[in-house]
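Q: Take a look and give me a structure for this.
(chains A, B, C and D)
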Number of protein chains: 2
Amino acid sequence: MARHESETNPDGIEPVPASLSDSAGFLLNRAARIIREMVSEALQPLGLSPQEMGLLKLLAAGGPSTQQGLCTKHNIDRTTMVQLVDGLEERQLVIRQPSSADRRANLIFLTPRGRKTLSKASRLAQKQQQRFLSPLSEPEWEVLRQHLIKLLEYHGRNEV
Amino acid sequence: MARHESETNPDGIEPVPASLSDSAGFLLNRAARIIREMVSEALQPLGLSPQEMGLLKLLAAGGPSTQQGLCTKHNIDRTTMVQLVDGLEERQLVIRQPSSADRRANLIFLTPRGRKTLSKASRLAQKQQQRFLSPLSEPEWEVLRQHLIKLLEYHGRNEV
DNA sequence: TATTGTTATACTCTATAACTATA
DNA sequence: TATAGTTATAGAGTATAACAATA
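A: Down below sits the predicted model:
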């Protein structure tokens, strides 16, 4: 398989250039971009971004949380969280409520509308994920999933 | 393992929230971001971005190519390619040369300096990739790699 | 008419620095 | 002094629209 990569590629299609097929960065970034765009497009009718859906999911599963708490789970910066929550609150999918325990902090609650939007979004995203994963068998996806989780857990616990 | 996700997580660490651990988008985007940032940081002394390194690799492996040809391989837009090549040409890592066969097109050549920079960059990136992949065994990475390639080939060939 | 490259512009996702109000 | 949230600003990576030169 040492075929030389040439700009005169007969079929003109070269989804994975051999010179980059060993690069974890290339493969992961390209795959991430494809699924992100597929989900993003499917969510457009709801006016929801993939990140926003993720945040709603965290709230639905974990219950109300401070912005800082959501930052830790979602692994994004405080300032990014402000913008995410701003957008969701404008559309009344979540509400901010000052915490009585710590008056610096906002507790973020999912609204009924947020819950309904999330359930629609989840179905749409699920469908896209199935399409994205369609070249893999069920066990293959499970292996991929476990390997990704292993990577994230390792790099989440250490500033390696 | 149906432990409820709570904002009062005892250890305070939650690299992969259960509510998102089934999401291909979440897992891939997070993993992609980690490796991208690791490589990006390692390449900083060379003043090279991961994308730029990728482009140099394509040129080193495939020989001179038009900008349009590089777009196809790298899977990015024409206008993005202009900016990428602009940056690399400024630092004399590549040169543009009008194609004699098609005078609309530029052939992009890797310069000797580009080749030298690429070889330094490759070593640095390789080291980071090893750190990134360290929680996986060699065969595990190979499986991950093959699954990612399968996904990219499928979605590269079809506008699914 | 279609394609290659270019420019101007803008969008998404994300962060840094400096601020306010609590703790 | 440290932390939660906020604001203004900026950066990386990428794209769309309109255009010139050439095919």
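
Q: Quick one: name the residues of chain A near DNA strand C.
A: For chain A, the residues in contact with DNA strand C (Cβ under 7 Å from any atom of the strand) are A:36, A:40, A:49-51, A:76-80, A:83, A:102-104. In this view, the C-beta of every residue, glycine as well, is placed from N, C-alpha and C.

Q: let's go with 10 Å and repeat that
A: A:32, A:36-37, A:39-40, A:43-44, A:47-55, A:71, A:74-84, A:87, A:98-105 (Cβ under 10 Å from any atom of the strand).

Q: So which of those residues belong to helices?
A: With DSSP state H as the criterion, helices contain A:32, A:36-37, A:39-40, A:43, A:50-55, A:71, A:74, A:78-84, A:87 from among these.

Q: ok, which of the residues of chain A next to DNA strand C also contact DNA strand D?
A: Near DNA strand D, by the rule Cβ under 10 Å from any atom of the strand, you find A:32, A:37, A:71, A:77-84, A:98-99, A:102-105 out of these.

Q: Next to DNA strand D, which bits of chain A? Give me the list.
A: So far as Cβ under 10 Å from any atom of the strand goes, chain A lies against DNA strand D at A:25-26, A:29-30, A:32-33, A:37, A:65-72, A:77-86, A:89, A:96-99, A:102-108.

Q: let's go with 7 Å and repeat that
A: Within chain A, the residues that sit near DNA strand D (Cβ under 7 Å from any atom of the strand) are A:29, A:33, A:66-68, A:71, A:78-79, A:82-83, A:85-86, A:96, A:102, A:104-106.

Q: Need the buried ones from the residues you listed selected in PyMOL.
A: Restricted to buried positions by 16 or more other Cβ atoms under 10 Å in any protein chain shown, the PyMOL selection for these reads:
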select buried, chain A and resi 29+66+67+71+85+96+105+106
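
Q: in chain A, which spans are strands?
A: Ranges of strands in chain A, per DSSP state E, are A:65-66, A:94-98, A:106-110.

Q: I'd like those strands as JSON lines, with distance to A:Arg131 and mean pLDDT appended.
A: Shown next, in JSON lines, are the strands of chain A (distance: least, Cβ to Cβ, whole Å; pLDDT from 0 to 100):
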{"stretch": "strand A:65-66", "distance to A:Arg131": "31", "mean pLDDT": "96"}
{"stretch": "strand A:94-98", "distance to A:Arg131": "29", "mean pLDDT": "97"}
{"stretch": "strand A:106-110", "distance to A:Arg131": "27", "mean pLDDT": "97"}
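
Q: I'd like these written out as a markdown table, with distance to chain B added.
A: As requested, the strands of chain A are exported to a markdown table (distance: least, Cβ to the nearest Cβ, whole Å):
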| stretch | distance to chain B |
| --- | --- |
| strand A:65-66 | 4 |
| strand A:94-98 | 14 |
| strand A:106-110 | 9 |
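
Q: so which of these comes closest to B:Ala125?
A: strand A:65-66 (36.9 Å; Cβ to Cβ).

Q: can you give me how far stretch A:116-135 is from the chain middle?
A: 12 Å (Cα atoms, centre = their mean, to the nearest Å).

Q: Export only the CA atoms of stretch A:24-31, formatted as CSV.
A: What follows is stretch A:24-31, C-alpha atoms only, in CSV (Å, rounded to 0.1, in the frame of the first residue of the first chain):
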residue,chain,number,x,y,z
ALA,A,24,-4.4,11.3,15.7
GLY,A,25,-4.9,15.1,15.4
PHE,A,26,-5.9,14.9,11.8
LEU,A,27,-8.2,12.0,12.1
LEU,A,28,-9.9,13.2,15.3
ASN,A,29,-10.4,16.8,14.2
ARG,A,30,-11.8,15.7,10.8
ALA,A,31,-14.2,13.2,12.3
